[in-house]
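[1] Need the 3D shape of this:
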Amino acid sequence: MSETKVSTPESAGATTPQLPFDAAPSRREQAKELGNRLAYWAPVWIPMVVLAQVALGGLRPALAESRRLDREEERMAERLEREHAESARLERSLQAQDDPIFLERERRLLRQADGPLGKK
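    Numbering: from 1, shown residues only. Okay, here's the model as predicted:
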């Protein structure tokens, strides 16, 4: 029987053992190691990617849209104020049309020859 001698770092002169060519990591092991590294650093790179996307792709357009909407809000407030004034004017006119005294005054003005609607 032959006895195999096991070398220890002291007996080998403190050299590291060489791996045979077949012991190189396979593609599957390399992919697994890469996945592990990506997962390990995910708390760092995911917020960086999100921050970059927000800063470059989302923040500027969002700020521009916010400014545009502020301008539109001012325009709409002015338009709403005009529409409320017009609505109040039309409401007063509608109430006046239901008032018999107003209607009688209108009829008298129309009958008068020298009235504001009559011909001279």
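
[2] Any regions of this structure where pLDDT drops low?
    Low-confidence regions of the chain, defined by pLDDT under 70, span residues 1-23, 113-120.

[3] Scan it for its longest helix.
    Determined from DSSP state H, the single longest helix within the chain is helix 60-97.

[4] What residues of the strand or helix carrying Ala31 count as buried?
    Under the criterion of DSSP states H and E, Ala31 resides in helix 27-52. Of all the residues in helix 27-52, not one is buried under the rule 16 or more other CB atoms under 10 Å. In this view, the C-beta of every residue, glycine as well, is placed from N, C-alpha and C.

[5] Repeat that for stretch 79-88.
    Buried residues in stretch 79-88, counting neighbours by 16+ other CB under 10 Å, are absent.

[6] chain center to that stretch, what's the gap?
    Here stretch 79-88 is found 32 Å from its chain centre; the criterion is CA atoms, centre = their mean, to the nearest Å.

[7] these two touch, right, Leu103 and Gln97?
    Yes: distance between Leu103 and Gln97: 7.2 Å, which falls inside the contact criterion (CB atoms under 8 Å).

[8] Taking the centroid of the chain, which residue is nearest it?
    Geometric centre of the chain, nearest residue: Ala62, 6.0 Å, by CA atoms, centre = their mean.

[9] Okay, it and Ala39: tell me how far apart.
    In this structure, Ala62 and Ala39 are separated by 31 Å, where distance is defined by CB to CB, to the nearest Å.

[10] Please apply the same query to Arg92.
    The separation that Arg92 has from Ala39, given CB to CB, amounts to 72 Å.
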